[in-house]
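# Got a predicted structure plus its sequence, pasted below:
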Amino acid sequence: WLKAEAGFESGVRRRLLEILRDELHNVIPRYRKLAEQGRVELSFTPYAHPIMPLLQDLASAREAMPEAELPEAPAYPDGEARVRWHIERGLEVFEKHFGMRPTGCWPSEGSLSEATIRLLDEYGLRWTASGQGVLGNSLEAAGSAPDAEDNGNGNGEGEEDGPRDLQGWLHRGYRLRDTEIALYFRDDGLSDAIGFRYADWHADDAVADFVHHIGNIAEVAPAGSVVSVILDGENAWEYYPENGFHFLSGLYEALAQHERLNLCTFDDVCAHASTAGGAAPVELPSLVAGSWVYGTFSTWIGDPDKNRGWDRLIEAREAVDAAIAKDPSLDTPELREQLAICEGSDWCWWFGAYNPAGSVSDFEQLYRRHLARLYQLAGLAVPEALEEVLSVGGGDPAAGGTMRKGQD
């Protein structure tokens, strides 16, 4: 069928659709079985993928971007309650499908703030994670900036030259003061090598390069170090031959056979850290709010187009809340679900001149339609402001805008 490419008879088309249906139907049971066997760990993400720190406090964007322009509205209404809704609904859906409670949370886009960490800790989660830039900003703010040569890019250079208490600063677990939840941070160099560099390499060369860099880290890193490789979702594989099959097969084989490297989950790391020979998380006195993308929230706020997106959402939220106050029967599960959709992060991800015009147009139209639907579910007229285009795009970013690198 792949070789034919075109001219399929109706019977073949039907059979292909049946195969796709069966494969999709088996995805969740397959992951559940792997998790039950201990072969993978499944983390959860808040239900509709919101940027939790911004829902809690729009001004948290200025912790990493002090000069950032913010939306006209001073805050997202009742943001903490909405974050709790997304967390609780996300946990509910996870347990429904996988029959277990997750021990860890990958927050939407690795977006964390102190308030978000404390909230996740309150729900008894064992670990969460973010990007290298967030850790770097946080250490610098605490007066413990890593050695300039030790940039954590996976080549092991500079580890021996930095201050002793910062050796291996990236490749360890942390814990925010007065919390129990462990924090891990993405190695941008290694993660972005998979996302942006290796797709054009021969699989054997890419595997050798990756394992070489991790081996260099192992040579100098303190005992109990953990290298966190975190990818931007599923997007990388479409750029690889055969969806990354050759690279991934070679990589897992090489890592499994390596004498000094151990494949493990974050839950494994947490469990080992609590043993006599484990490396306990290092206390982090404070955390500078940000995401895995550049260590900031610049992908979602601070740009005029993105800020307009937030203002339209906040206007809709305030109008809906006022309508519900007059008629509580409007507060239906369907309306809350629609609100959650509008709070998702992918809308503002696309707004901005640097993204492709076609993608920006698709997403901003969908966003305005979803906001319009929210008004309609509350029995309200759709305001004229939602007829105005929020963003037009026009850029040509790497990977068509579907992926970002960890460092700007």
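Here it is on my side, so go on. Residues are numbered from 1 along each chain as shown.
# Only C-alpha atoms from now on, for both contacts and neighbour counts.
OK.
# Tell me where this structure has strands.
Secondary structure of the chain, counting by DSSP state E: strands at 104-105, 127-130, 174-176, 182-185, 282-284.
# which one of those lies closest to Ile301?
strand 127-130 (17.9 Å; C-alpha to C-alpha).
# which strands and helices sit next to that closest one?
Applying 3 or more C-alpha pairs under 8 Å, 6 or more residues apart in numbering; DSSP states H and E, one finds that strand 127-130 contacts strand 104-105, strand 182-185, helix 266-273.
# now those as a markdown table including distance to Lys33 and mean pLDDT?
Formatted as a markdown table, the helices and strands packed on strand 127-130 follow (distance: least, C-alpha to C-alpha, whole Å; pLDDT from 0 to 100):
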| stretch | distance to Lys33 | mean pLDDT |
| --- | --- | --- |
| strand 104-105 | 18 | 98 |
| strand 182-185 | 26 | 98 |
| helix 266-273 | 17 | 93 |
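# what's the most buried one of these?
strand 182-185 (a mean of 25; mean count of other C-alpha atoms under 10 Å).
# Partner strands of that one and their direction?
According to DSSP bridges, strand 182-185 forms sheet pairs with strand 127-130 (parallel), strand 174-176 (antiparallel).
# Of these, flag the one that's most buried.
strand 127-130 (a mean of 25).
# Please save the CA atoms from it in PDB.
Output of strand 127-130 as PDB, limited to C-alpha atoms (Å, rounded to 0.1, in the frame of the first residue of the first chain):
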ATOM      1  CA  TRP A 127       7.900  14.700  41.200                       C
ATOM      2  CA  THR A 128       7.600  17.400  38.600                       C
ATOM      3  CA  ALA A 129      10.000  18.900  36.000                       C
ATOM      4  CA  SER A 130      10.800  21.900  34.000                       C
END
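# what mean pLDDT would you report for it?
For strand 127-130, mean pLDDT is 98.
# Could you pull up phi and psi at Glu9?
phi -70, psi 160 (degrees, to the nearest 10).
# per-residue confidence at it?
The model's pLDDT for Glu9 equals 92.
# likewise the one 4 residues further on?
With respect to pLDDT, Arg13 has a value of 93.
# Now do it: how many residues are near it, please.
12 (other C-alpha atoms under 10 Å).
# Same question for the one 5 residues further on.
Using other C-alpha under 10 Å, Glu18 is surrounded by 12 other residues.
# how far away is it from Leu24?
10 Å (C-alpha to C-alpha, to the nearest Å).
# go on, Ala223?
42 Å.
# Please apply the same query to Tyr240.
Taking C-alpha to C-alpha, one finds Tyr240 at 22 Å from Leu24.
# give me every residue that touches Gly401.
By C-alpha atoms under 8 Å, 6 or more residues apart in numbering, the residues touching Gly401 are 350, 355-356.
# I meant to write Ala372 there.
Neighbours of Ala372 in contact, by C-alpha under 8 Å, 6+ apart: 382, 386.
# sorry, back to before: in TSV: the helices and strands packed on strand 127-130, plus distance to Arg317.
As requested, those are exported to TSV (distance: least, C-alpha to C-alpha, whole Å):
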stretch	distance to Arg317
strand 104-105	27
strand 182-185	32
helix 266-273	37
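# quick revisit: could I get the strands paired with strand 182-185 in CSV, plus columns for distance to Gly277?
Formatted as CSV, the strands paired with strand 182-185 follow (distance: least, C-alpha to C-alpha, whole Å):
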stretch, distance to Gly277
strand 127-130, 20
strand 174-176, 17
